[in-house]
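> Sequence and computational prediction follow.
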Amino acid sequence: WVKVDGNRFKIGITDHAQAALGDVVFVELPELETEYDAGDEIGTVESVKAVGDVGCPVGGIVQAVNELLLEKPGIVNSSPEDEGWIAELEMTDSSGLENLMNEEAYRAYLADGA
């Protein structure tokens with residue numbers, strides 16, 4: 001997921017993704033001040049079942065990371081779309097925003113068997 005606020009955005013994994021992964025045991029966070037392009041891998045979420053990549057939805061520079069996840073990675077399971085955010089970036093290229101699904105479109109996508 002991505003939540004845009006002005007020229008900044010937070011990213012994390014959706015409730016659906018955390019449920020598919022199972023109990024999260026480790027989160028790899030990106031380095032501060034690192035610049036990513038849309039589609040770049042920004043980190044990983046490791047569970048007892050699998051490792052999932054966290055992609056950067058639009059271009060940006062990392063301004064903050066959720067260091068609480070280093071000590072309590074299970075927050076990704078208990079609050080994936082709120083307290084379980086992974087990183088906050090300053091947007092450098094917003095051109096990919098229009099290609100992202102809103103919550104309603106994402107739910108329809110999941111309902112179609114994705």
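Done, it's in.

> Residues in contact with stretch 106-114: which ones?
Residues from elsewhere that reach stretch 106-114, judged by Cβ atoms under 8 Å, 6 or more residues apart in numbering: Thr14, His16, Met101. Where C-beta positions appear, they are placed from N, C-alpha and C, glycine not excepted.

> Please repeat the previous calculation with a cut-off of 6 Å.
For stretch 106-114, the external contacting residues (Cβ atoms under 6 Å, 6 or more residues apart in numbering) are His16.

> could you pull out the helices for the chain?
15-21, 68-71, 75-78, 103-111 (DSSP state H).

> any idea of the mean pLDDT for the longest one?
It stands for helix 103-111. Helix 103-111 shows an average pLDDT of 80 in the prediction.

> Might you calculate how far it sits from the centre of the chain?
Distance, stretch centre to chain centre, for helix 103-111: 17 Å (Cα atoms, centre = their mean, to the nearest Å).

> can you check the third one too?
With Cα atoms, centre = their mean as the basis, the distance from the averaged C-alpha position of helix 75-78 to the chain average is 12 Å.
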